[in-house]
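> Have a look; sequence and predicted model below, questions after that.
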Amino acid sequence: MYGILSQLAKKMGRPAMRRVLNIIKDHPDARPIRNLKAEGRPYYGPTEESRLGIAESLAQGSDRWLNPYPGTFMNYVRGKVGNDQQRFRRISDFFRANPDKRKTMDDWYQETGGEGWWSRSFLDDMIREAETTPMGLEELAAAELSRVGKRPYTTSAVNRYLTKQFDE
């Protein structure tokens, strides 16, 4: 791995190599990091050229990995949906009710940055799935509880609904 990092330092400079080292330290289980470290596999696995390409893409997209508040999948959704409040609420409710899918999409967005047709088509497919999947009562309740967040329970819509003071 250090041979790849030294090649990266020659090609892009020492600051790029340091950024990649910080990413490796902070995210040791990420898929690009595992592929970057995968050496000595004779019949399968990444080649030296692909490992250098992984290191270059990590150095160029280091803000997605090192920023404590990176852009998330929902920022991509906001850009796609625009000002349509109902569409955005439907999509956000779906991902609030399914946090495992939301984590998957945030991880995908962190790896790819939404760049390239393959990455964008996968993200668009997840938006389409979120819009077209009907949600059950339990999922809607989970989304509302997630939306309540840190607000006091007495001011939440869930409490008003449970106490039959909900008029909508």
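Yep, that arrived.
> buried stuff in stretch 114-125?
For stretch 114-125, a neighbour-count test (16 or more other Cβ atoms under 10 Å) marks 114, 119, 123 as buried. Every C-beta, even on glycine, is put in place using the N, C-alpha and C of the backbone.
> so the residue nearest the centre of the chain is in which element?
In the chain, the residue lying closest to the centroid (Cα atoms, centre = their mean) is residue 106, at 1.4 Å. Using DSSP states H and E, residue 106 falls within helix 99-112.
> Repeat that for residue 10.
Under the criterion of DSSP H and E, residue 10 resides in helix 2-12.
> Show the subsequent helix or strand relative to that helix.
helix 14-26.
> quick one, the lengthiest helix in the chain and helix 99-112 angle?
In terms of residue count, the longest helix belonging to the chain (DSSP state H) is helix 117-132. Going by axes from the mean of the first three to the mean of the last three Cα atoms, to 10 degrees, helix 117-132 is angled at 160 degrees with respect to helix 99-112.
> Mind listing residues that contact stretch 4-14?
By Cβ atoms under 8 Å, 6 or more residues apart in numbering, the residues outside stretch 4-14 that reach it are 16-17, 20-21, 36, 48, 51-52, 55-56, 59.
> Now a ChimeraX select for only the buried ones of those.
Selection of the buried residues among the contacts of stretch 4-14 in ChimeraX, burial being defined by 16+ other Cβ under 10 Å:
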select :16,17,20,36,51,52,55,56,59
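> and residue 30, what are its phi and psi?
Main-chain dihedrals, residue 30, degrees, to the nearest 10: phi -70, psi 150.
> With residue 48 as the reference, measure out to it.
Using Cβ to Cβ, to the nearest Å, residue 30 is found at 20 Å from residue 48.
> can you check residue 97 too?
Residue 97 is 44 Å from residue 48, by Cβ to Cβ.
> Please apply the same query to residue 95.
Residue 95 is 39 Å from residue 48, by Cβ to Cβ.
> So, low pLDDT: which residues of the protein?
Across the chain, the ranges flagged by pLDDT under 70 are 39-43, 68-71, 148-168.
> I'd assumed residue 75 was in contact with the residue nearest to the centre of the chain.
No: contact criterion Cβ atoms under 8 Å: residue 106 and residue 75 do not qualify, at 10.1 Å.
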